[in-house]
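>>> need coordinates for the below:
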Amino acid sequence: ALGGAGLALAGGGKKDRTPPAAPTGLDLVAADDTGASDSDNLTRTASGLTVTGKAEPGSQVTLFNGAASLGTATANASGDFTLDITLSAGANSVTAKATDAAGNVSTESQALTITVDVAAPAAPTGLDLAAADDTGASDSDNLTGNTSALTISGRAEANSTVAVFNGAARLGTATANAAGVFSLDVSLDAGVHSLTAKATDAAGNESVASAALAVTVDATAPSATLLDVNRAAKTVTLTFDSSVDVAALPLASAFAVTTGASAANAVTAVAASGSTITLTLANEIGAGTITVVYTDPTAGNDAAAVQDAAGNDAASFELVTGVVADGYVRGARLFAESSTGGVVTRVDTGIVTDANGNFFIPSQFKGFTLVAVGGVNVDTGVPNTVEFRAAAGSTVINPLTTLVQAVLASSAAGTSVAQAEQQVSA
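Below is the predicted model of the structure:
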């Protein structure tokens with residue numbers, strides 16, 4: 001009996017020899033799954049990688065990279081477990097085994113492949129402005145008259161995401177194709193811009209910035225700022241505020257010139273250099289006012305027109321010569337004044353008298369009172385401190401026209417220039 005009792009005690013309860021089910025649902029958490037996708041198990045992070053899954057509640061779950069143990073976690077009452085691990089660069093095959101309280105070990109879970117890519121792609125290369133958007137005399141100087149839909153192309157790591165920057169400002173992103181080619185349409189303001197690009201691979205590694213591409217946007221049409229006459233050479237030279245395209249000059253017929261007593265003087269040749277266009281005339285240039293009228297061929301930018309290096313056409317214009325203080329004041333700046341409700345508005349025309357006191361007023365200022373300020377006496381070199389004025393339409397600005405304008409300003413509305421001149425000469 002005693003032996004039987006001892007046998008019963010030695011037997012105890014029945015031992016658990018059933019292993020738990022293999023863990024399931026191994027996954028890299030989205031926060032550690034870097035790059036374009038947060039579910040592709042591709043990451044640029046090698047340490048602190050959180051892997052989750054499910055196993056028998058209360059079991060000890062060990063993660064392996066191949067045969068190497070990565071660590072152990074305990075599944076909670078719901079069977080959920082999580083473990084932070086460290087992996088080497090490259091493809092890693094992560095599996096899990098669960099061990100229950102009785103020491104039974106499950107079979108291996110399905111493998112979770114985690115790829116660690118910590119290498120940044122090379123910087124993009126070959127940034128360039130598309131020839132079709134590189135307007136003007138050259139299609140490869142990165143000078144353009146366009147401000148939008150400017151196509152920038154280059155090369156980067158295949159399938160990488162390429163961001164283009166203007167200084168520190170991000171302009172947009174494009175995806176490099178399988179051959180590494182990318183292109184992006186951008187918008188830029190007028191001025192000089194330094195464009196760079198950075199490539200980001202699928203794991204989220206970002207390259208250093210590319211070499212800069214300097215793109216200059218000039219959307220302003222050239223404007224004439226000076227008219228010079230050489231009577232001996234029978235030429236009229238127009239100076240513009242920017243260089244003109246010497247390879248795309250307008251025909252002589254685009255210009256109409258009158259000299260002397262308003263006589264037409266045909267243009268026989270058009271030449272350009274730098275920011276000047278010189279018109280050679282058929283006949284001698286008589287004394288008096290000279291008028292140059294230019295007609296732009298079309299409303300758009302044309303191949304044969306007054307055009308700057310960026311391809312911007314000058315608008316049609318009419319230039320009429322004038323003189324300040326009978327030619328004695330050079331370097332005087334001309335202003336245009338208007339009066340509305342007793343309020344006088346003064347606008348800088350940008351025109352300065354030449355070495356002989358000559359000037360011209362663009363057509364947009366023809367209806368304004370003219371004011372000549374500053375400058376230097378041609379003979380003495382003494383600065384001019386007198387403001388000379390003239391009525392709208394005048395081609396002469398001197399002390400007499402200043403008096404006439406003063407009379408007009410103080411006279412009743414409707415007083416003509418001729419009437420004011422009579423009062424001054426009376």
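>>> where does pLDDT dip in this protein?
Counting by pLDDT under 70, the chain contains low-confidence residues at 1-13, 260-261, 363.
>>> helices of that one, start to end?
Ranges of helices within the chain are 2-11, 399-410, 417-425, based on DSSP state H.
>>> list the buried ones in the last one?
This points to helix 417-425. By 16 or more other C-beta atoms under 10 Å, the buried positions in helix 417-425 come out as 417, 420, 421. Bear in mind the C-beta positions are built from the backbone N, C-alpha and C, glycine included.
>>> check stretch 147-166 too.
Under the neighbour-count criterion of 16+ other C-beta under 10 Å, stretch 147-166 has 150, 152, 154-157, 160-166 buried.
>>> okay, those in JSON lines with distance to residue 37 next?
Below are the buried residues of stretch 147-166 laid out as JSON lines (distance: C-beta to C-beta, whole Å):
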{"residue": "150", "distance to residue 37": "31"}
{"residue": "152", "distance to residue 37": "26"}
{"residue": "154", "distance to residue 37": "24"}
{"residue": "155", "distance to residue 37": "24"}
{"residue": "156", "distance to residue 37": "19"}
{"residue": "157", "distance to residue 37": "17"}
{"residue": "160", "distance to residue 37": "14"}
{"residue": "161", "distance to residue 37": "12"}
{"residue": "162", "distance to residue 37": "17"}
{"residue": "163", "distance to residue 37": "18"}
{"residue": "164", "distance to residue 37": "22"}
{"residue": "165", "distance to residue 37": "24"}
{"residue": "166", "distance to residue 37": "28"}
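>>> closest to residue 209 out of those residues?
For the buried residues of stretch 147-166, the closest approach to residue 209 (C-beta to C-beta) belongs to residue 165, at 7.4 Å.
>>> from residue 373, how far out is that closest one?
With distances taken as C-beta to C-beta, to the nearest Å, residue 165 is found 45 Å from residue 373.
>>> coming back round to it: next, give me the two most distant ones among the buried residues of stretch 147-166.
Greatest spatial distance among those (C-beta to C-beta): 150 and 157, at 23.6 Å.
>>> what's in contact with stretch 395-404?
Stretch 395-404 is touched from outside by 289, 320-326, 334, 370-372, 386-391, 394, 417, 420-421, 424, with contacts defined as C-beta atoms under 8 Å, 6 or more residues apart in numbering.
>>> from those residues, keep the buried residues only.
Here, 16+ other C-beta under 10 Å leaves 289, 320-325, 334, 370-372, 388-391, 394, 417, 420-421 buried among the contacts of stretch 395-404.
>>> was I right about residue 346 contacting residue 335?
Yes. Counting by C-beta atoms under 8 Å, residue 346 touches residue 335, with 5.0 Å between them.
>>> so how many other residues sit close to the closest residue to residue 213 other than its chain neighbours?
Distances taken as C-beta to C-beta, 6 or more residues apart in numbering place residue 127 nearest to residue 213, at 3.9 Å, with adjacent residues excluded. Residues near residue 127, counting by other C-beta atoms under 10 Å, number 22.
>>> go on, residue 252?
Residue 252: 14 surrounding residues under other C-beta under 10 Å.
>>> backbone dihedrals for the spatially most central residue of the chain, please?
Per C-alpha atoms, centre = their mean, the C-alpha nearest to the average position across the chain is that of residue 188, at 2.3 Å. Dihedral pair for residue 188: phi -140, psi 150, per degrees, to the nearest 10.
>>> ok, the closest residue to it other than its chain neighbours to residue 166 distance?
Excluding its sequence neighbours, the residue lying closest to residue 188 (C-beta to C-beta, 6+ apart) is residue 217, at 4.9 Å. Using C-beta to C-beta, we find residue 217 at a distance of 11 Å from residue 166.
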